[in-house]
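J.: Build me a model:
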Amino acid sequence: MRRWPAIGVTFAVLWLFVRGVALTPERLAEEFLIGLAVGVPLAYVFRRFYAGEFALTGTARVVPAAIAYLLVFGKELIVANLDVVYRVLSPSLPIDPDVVAIPLRVESDPAITTIANSITLTPGTLTMDYNAETNTLYVHGITGRNYAAVNDPIRAWEDLALVIFDEEASPEDAPPARGDVGGD
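T.: Presented below is the predicted three-dimensional model:
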């Protein structure tokens, strides 16, 4: 199956979300047709940027993992926001910042970037650096001395990223040995 028609239809569906269409059948059909009129030619013009064939079996495996990634990230985002609010409003300001080294199993640039951006988007953590030689992210966290509080969400994201980005490692593989930078 060619990839560009599927991408054109995906553009049409995205068009519905961007336009904020009323949920009436007529309006949905009209906007979907407009999305197809724009999306399919656009996908055709840029078809050389896509792989020629579309592997439906790989997509069937990746989509559930991508949805799970978004759900796990959303949950962690809410929990982290509440945690930061608690710490800011608490009179004792209970923060214990530190930098933690997180060795990764993922190896592709898109997978590493996705995890690093997820860390940075989550309140209370920040990806500071990446060491390509050791495949390690350096993460600053307001609870950095509590290694599990920083590491556990990252491992959950990484398990899903291994599937999404079709990495050689498996979610069942043990994470690389831990390393702390700074602190005790």
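J.: The most centrally placed residue in the chain: what's its closest spatial neighbour, skipping adjacent residues?
T.: The centroid of the chain falls nearest to Thr114 when counting by CA atoms, centre = their mean (4.7 Å). Distances taken as CB to CB, 6 or more residues apart in numbering put Ala161 closest to Thr114, at 5.9 Å, once the chain neighbours are dropped. Glycine gets a C-beta too; all of them are placed from N, C-alpha and C.
J.: Likewise for Ala43?
T.: Spatial nearest neighbour of Ala43, excluding adjacent residues (CB to CB, 6+ apart): Gly8 at 3.7 Å.
J.: and whichever strand or helix holds that neighbour, C-alpha only, in PDB?
T.: Using DSSP states H and E, the element containing Gly8 is helix 3-19. As requested, the backbone C-alpha atoms of helix 3-19 are provided in PDB (Å, rounded to 0.1, in the frame of the first residue of the first chain):
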ATOM      1  CA  ARG A   3       2.000   5.700   2.100                       C
ATOM      2  CA  TRP A   4       1.100   9.100   0.600                       C
ATOM      3  CA  PRO A   5      -2.700   8.500   0.300                       C
ATOM      4  CA  ALA A   6      -2.800   7.400   3.900                       C
ATOM      5  CA  ILE A   7      -0.900  10.600   4.900                       C
ATOM      6  CA  GLY A   8      -3.300  12.700   2.800                       C
ATOM      7  CA  VAL A   9      -6.300  11.200   4.700                       C
ATOM      8  CA  THR A  10      -4.500  11.800   8.000                       C
ATOM      9  CA  PHE A  11      -4.100  15.400   7.000                       C
ATOM     10  CA  ALA A  12      -7.800  15.600   6.300                       C
ATOM     11  CA  VAL A  13      -8.600  14.200   9.800                       C
ATOM     12  CA  LEU A  14      -6.200  16.600  11.300                       C
ATOM     13  CA  TRP A  15      -7.900  19.400   9.400                       C
ATOM     14  CA  LEU A  16     -11.100  18.500  11.300                       C
ATOM     15  CA  PHE A  17      -9.400  19.100  14.600                       C
ATOM     16  CA  VAL A  18      -7.600  22.300  13.500                       C
ATOM     17  CA  ARG A  19     -10.900  23.800  12.200                       C
END
